[in-house]
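Novice: okay, here's the prediction I keep looking at, along with the sequence it came from:
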Amino acid sequence: MAKKGNRVQVILECTEHKKSGMPGMSRYITTKNRKNTTQRLEMKKYNPVLKKHTIHKEIK
């Protein structure tokens with residue numbers, strides 16, 4: 001059976017990597033509570049290609 005709740009899985013994608021034009025993509029999967037956090041998530045995560053911490057934003 002499926003879980004009934006407000007937690008959903010979201011994908012975070014690096015914004016700086018997209019602008020740089022380098023091949024590949026830095027993505028992370030996490031969960032968020034849809035009831036408490038209605039807007040899109042924005043977190044600082046490590047990008048192994050750029051070798052630094054960058055802003056990762058939620059994608060659909």
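Specialist: Here it is on my side, so go on.
Novice: distance of residue 19 from residue 54?
Specialist: Counting by Cβ to Cβ, to the nearest Å, the gap from residue 19 to residue 54 is 10 Å. For the C-beta atoms, the positions are set from N, CA and C on the backbone; glycine is no exception.
Novice: err, residue 27, not the other one
Specialist: Noted for residue 27: a distance of 12 Å to residue 54, by Cβ to Cβ.
Novice: these two - which one has more neighbours?
Specialist: Set residue 27 next to residue 54 and count neighbours by other Cβ atoms under 10 Å: residue 54 wins out with 17 against 14.
Novice: re earlier: now for residue 27 and residue 54: what residues contact both?
Specialist: Counting by Cβ atoms under 8 Å, 6 or more residues apart in numbering, the shared contacts of residue 27 and residue 54 are residue 14.
Novice: name the helix or strand of the protein that has the lowest mean pLDDT.
Specialist: Using mean pLDDT, DSSP states H and E, the weakest-scoring helix or strand in the chain turns out to be helix 15-20, at a mean of 84.
Novice: how distant is whatever helix or strand comes next after that helix from the center of its chain?
Specialist: Counting by DSSP states H and E, the next helix or strand C-terminal to helix 15-20 is strand 27-33. Here the centre of strand 27-33 is set off from its chain's centre by 6 Å, with Cα atoms, centre = their mean, to the nearest Å.
Novice: quickly note the distance from the closest residue to residue 43 other than its chain neighbours to residue 5.
Specialist: Nearest non-adjacent residue to residue 43, counting by Cβ to Cβ, 6 or more residues apart in numbering: residue 56, 5.5 Å away. Going from residue 56 to residue 5 by Cβ to Cβ gives 24 Å.
Novice: can you check residue 44 too?
Specialist: Per Cβ to Cβ, residue 44 is found 27 Å from residue 5.
Novice: can you tell me the element the spatially most central residue of the chain falls in?
Specialist: The centroid of the chain falls nearest to residue 12 when counting by Cα atoms, centre = their mean (1.1 Å). In this structure, residue 12 sits in strand 7-14 according to DSSP H and E.
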